[in-house]
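Q: Need a 3D model of the sequence below.
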Amino acid sequence: MRLQFILAEVLQGLRRNATMVVSVILVTFVSLTFVGAAALLQMQVTKLKGDWYDLVEVSVFLCPDGSTAPTCAAGEADEDQVAAIERTIETDLGDIVATTFFESKADAFEAFTARYPDGYQGTQLTEDDMQASFRLKLADPEQYQVVDDVLSGRDGVEVVEDQRAAFEPLFLALNRASLVAVGLAAVMLLAAALLIITTIRLSAVSRQRETGIMRLVGASTLFVQLPFMLEGAIAALVGAVLAVGGLWAAVQFLVVDWLAASVDWVDHVSTADVLTIAPLLLVVAVVLAGVSSAVTLHRYTRV
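A: Predicted coordinates:
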């Protein structure tokens, strides 16, 4: 009987404030969509780092003729310098470097001609224009600085480059996009909370007579407040479900069906990732409704 009464009160409140309830649903939907988008962006950044950081190498470029680097004052790196650098890699960096590949000028020229058979931007280069290098695959890509500290400044080494630097601008842009999404989500969540507070306040004011009677017959505070709390929770949960559905559709049609089909060398986020963050969005919706309800009901329906 009590459950039937509470459900009837909830349905009555939803009907009375239908416009406000729809507003709460829409604002919650938009705000949680931004929250979900930020979470998916961070998951995509993690996937990209996991894939690309495992592929990148540290390139140790040896001195060519005509280099102005202080370590190249003696000219092009000779065989003794190359051998000394290789020994340093094997002894001082043995625990950090997983594999070592030496690319001679001939190897570099062969790779260049395979990639640019007609020359680079109309310029025909020769083997003498190439630069020998060591390509180091690190066991932990985060240990680049150790390699740089050991090899930079050695005779015969012109420069040590970390290929990860080429990806940092992309990761920075994605992280900033995530922060923007979080900022917009915070603003929209605040708007949703204010709307929930307003909706519950209007519902409580319009039903003061009913709540007064409930007080007189000895109803508990929870029993009086529960219908109003459920109204806010239902509206917020509907908005959360719509947000999950919107994110799922966006990932399915824009990422899985379109982007992944044309860019198949990247591990993209999937609909499974959307389902992973779905419980988080539902929890945020419930907490949002609960806090907003507590703020309002403490004043208007306290027994």
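Q: Now do the helix or strand harbouring E158: distance to the chain's middle.
A: For E158, the host element (DSSP states H and E) is strand 157-162. Put simply, strand 157-162 sits 31 Å off its chain's centre (C-alpha atoms, centre = their mean, to the nearest Å).
Q: Also stretch 138-146?
A: A distance of 23 Å separates the C-alpha centroid of stretch 138-146 from that of its chain, computed with C-alpha atoms, centre = their mean.
Q: Would you double-check that L136 falls in a helix?
A: No. Going by DSSP: H, G, I helix; E, B strand; the rest coil, the assignment for L136 is strand, not a helix.
Q: buried set for whichever helix or strand D80 is part of?
A: Secondary structure assigned from DSSP H and E places D80 in helix 79-92. Taking 16 or more other C-beta atoms under 10 Å as the basis for neighbour counts, the residues of helix 79-92 that come out buried are Q81, V82, I85, I89. (C-beta placed from N, C-alpha, C; glycine too.)
Q: List the residues that contact the second one.
A: Put plainly, it is V82. Residues counted as contacts of V82 (C-beta atoms under 8 Å, 6 or more residues apart in numbering) are L62, F102, A132, G156.
Q: what's in contact with whatever helix or strand the second one lives in?
A: Just to be clear, that refers to F102. Counting by DSSP H and E, the secondary-structure element that holds F102 is strand 97-103. Residues outside strand 97-103 that contact it (C-beta under 8 Å, 6+ apart) are 82, 86, 89-90, 111, 132-139, 147.
Q: out of the residues you listed, which is most surrounded?
A: Neighbour counts for the contacts of strand 97-103 (other C-beta atoms under 10 Å) peak at S133, which has 25 neighbours.
Q: partner residues bridging it?
A: Legend: beta-bridge partners of S133 under DSSP bridges are F61, E103.
Q: wait, what's in contact with it?
A: S133 makes contacts with S59, V60, F61, L62, F102, E103, A108, as judged by C-beta under 8 Å, 6+ apart.
Q: Setting aside sequence neighbours, what's the nearest residue to the first one?
A: By that I understand S59. Excluding the flanking residues, the one nearest S59 by C-beta to C-beta, 6 or more residues apart in numbering is E161, at 4.7 Å.
Q: Tell me if I'm right that that neighbour and F134 touch.
A: No. Applying C-beta atoms under 8 Å as the test, E161 and F134 come out as separate, 11.1 Å apart.
Q: Need the overlap of contacts for the two.
A: Residues touching both E161 and F134 (C-beta under 8 Å, 6+ apart) are S59.
Q: about what we covered before: of the contacts of strand 97-103, just say which sits nearest to S23.
A: Distance from S23 was checked for each of these by C-beta to C-beta. The minimum falls on L138, at 53.6 Å.
Q: Now do the contacts for the closest one.
A: L138 makes contact with E57, V58, I96, V97, A98, Y144, V147, according to C-beta under 8 Å, 6+ apart.
Q: Next up, the contacts around the residue lying closest to the last one once chain neighbours are set aside.
A: Spelled out, that is V147. Nearest residue to V147, sequence neighbours excluded (C-beta to C-beta, 6+ apart): V58, at 5.3 Å. When contacts are counted by C-beta under 8 Å, 6+ apart, V58 touches R135, L136, L138, Y144, V147, D148, V160, E161, D162, Q163.
Q: and the gap between the first one and T99?
A: Plainly put, R135 is 8 Å away from T99 if you go by C-beta to C-beta, to the nearest Å.
Q: likewise the last one?
A: Look at Q163 and T99: by C-beta to C-beta, they are 14 Å apart.
Q: So the two - more neighbours on which side?
A: More crowded of Q163 and T99, by other C-beta under 10 Å: Q163, with 16 against 10.
Q: Which of the contacts of L138 sits closest to V283?
A: For V283, the nearest member of the contacts of L138 is Y144. The distance, counting by C-beta to C-beta, is 38.6 Å.
Q: which secondary structure elements does the helix or strand containing that closest one contact?
A: Under DSSP H and E, the secondary-structure element containing Y144 is helix 144-151. Here helix 144-151 touches strand 58-62, helix 79-92, strand 133-138, strand 157-162, going by 3 or more C-beta pairs under 8 Å, 6 or more residues apart in numbering; DSSP states H and E.
Q: quick revisit: any chance you could list what contacts the strand holding E158?
A: In this structure, residues lying in contact with strand 157-162 by C-beta under 8 Å, 6+ apart are 56, 58-64, 67, 69, 71-72, 77, 85, 131, 144, 147-148, 151-152.
Q: how big is the angle separating that strand from strand 133-138?
A: Orientation check (axes from the mean of the first three to the mean of the last three C-alpha atoms, to 10 degrees): strand 157-162 against strand 133-138 gives 30 degrees.
Q: Could you tell me which strands sit next to strand 157-162 in the sheet, and their orientation?
A: In the sheet, strand 157-162 lines up with strand 58-62 (antiparallel) (DSSP bridges).
Q: Nothing else from me, thank you.
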